[in-house]
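Q: just to be clear, the model below is a prediction. Sequence and coordinates:
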Amino acid sequence: MKALIIGGAGYIGSHVARHFLDNGHKVTVFDNLSTGQMVNIFPDEDFIKGDILNQGELDKAMAGGYDLIIHLAAFKAAGESMIKPEKYSVNNITGTINILNSAVKAGIPNLVFSSSAAVYGEPAYLPIDEEHPKNPENYYGYTKLAIEQFLGWYDKLKGLKFAALRYFNAAGYDGKGRIKGLERNPANLLPIIMEAAAGIRDRLSIFGNDYPTPDGTCIRDYIHVSDLATGHLKAAEYLVKNRQSLTVNLGTGNGISVQEMADKAKAITGVDFKVEYADRRPGDPANLVASSEKAFRLLGWKAVHSSVENLISTSWNMYK
């Protein structure tokens, strides 16, 4: 396959690109480097610096002829999205519409979209499957849900087939150490824990310890980024083979609390970093754990790298 990976210089995108390359596919990365980094661009892939808000740059890039697009170019900080919805509207929604219009114009038949468990909101039941009600609790999650709806219409009206991958909490790093760029200004738990352990920040702040969970902190389903990369390739292969759109969760089915992750990280790193407790953030559900049975049934996918020990140790290998 020949893939255009939009956002392929970022944390998840670079792992996806590496997995496609490892499996013999041709990759071009399109990235504006606002959060992605040149150190994550590999010698065996092509790179185009461009912005999804520039229709002309997208048109030019997609004229290269591709079997599919992988779209990972979204802002993703749930807390920030509640303060700056206009930022998320312009980049996530307008930018995606630009991508879809350029893809249709270029005749690219398939698109794999980086969606999110944030589309679900507070769980009505656990584990969350794909039929769960969609009631996002933060604006970031709303943008992902809106994009999924756009994809459904572009499939119906223009024949653009899509895979919407609702991932839960991405974490960890390539086990072979080939991804060199650390996330800049991370908003996710594990890299923040790593920064506290490495002395980059002076403490870990845990937002809320009064949730209705065993230790009072939020529970999340953490999935290793290498498992996510495998999911993207399997979804791409499914689209090319079956010409049928799909929406699936990518998670482990196992929850771990923020407190448990912090305690485990202290044990693995050997660093007793400082932890403080702060008020809850708006839009944070207490518990999010996935059912990925559909991904296993349709794609033959399951998480194999996502033990807590592997999540933390592959991250610490980067940060220490």
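A: In hand now; what should we look at?

Q: how far away is residue 253 from residue 103?
A: Distance of residue 253 to residue 103, computed by C-beta to C-beta, to the nearest Å: 33 Å. For glycine as for every other residue, the C-beta is placed from the backbone atoms N, C-alpha and C.

Q: and the two? Which one has more around it.
A: Ranked by neighbour count (other C-beta atoms under 10 Å), residue 253 and residue 103 place residue 103 first, with 25 against 19.

Q: could I get the contacting residues of the more buried one?
A: 62, 69, 111, 160 (C-beta atoms under 8 Å, 6 or more residues apart in numbering).

Q: helix/strand/coil for it?
A: helix (DSSP: H, G, I helix; E, B strand; the rest coil).

Q: which stretches in this protein count as helices?
A: 11-22, 55-62, 78-83, 85-88, 95-106, 139-158, 189-198, 225-242, 258-269, 293-299, 308-319 (DSSP state H).

Q: out of these, nearest to residue 120?
A: helix 139-158 (7.7 Å; C-beta to C-beta).

Q: which helices and strands does the closest one pack with?
A: Helix 139-158 sits against helix 78-83, helix 85-88, helix 95-106, strand 110-116, strand 161-167, with contacts defined as 3 or more C-beta pairs under 8 Å, 6 or more residues apart in numbering; DSSP states H and E.

Q: could you export those as TSV, including mean pLDDT?
A: Formatted as TSV, the helices and strands packed on helix 139-158 follow (pLDDT from 0 to 100):
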stretch	mean pLDDT
helix 78-83	90
helix 85-88	98
helix 95-106	98
strand 110-116	98
strand 161-167	97
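
Q: how about these, which one is nearest residue 196?
A: helix 78-83 (17.8 Å).

Q: would you mark the buried spots in that closest one?
A: Neighbour counts over helix 78-83 (16 or more other C-beta atoms under 10 Å) mark 78, 80-82 as buried.

Q: and of those, the nearest to residue 237?
A: residue 78 (30.6 Å).

Q: ok, now which ones touch the closest residue in space to the closest one that isn't next to it in sequence?
A: Nearest residue to residue 78, sequence neighbours excluded (C-beta to C-beta, 6 or more residues apart in numbering): residue 138, at 4.3 Å. Contact partners of residue 138, counting by C-beta under 8 Å, 6+ apart, are 78-79, 81-82, 118, 282-284.
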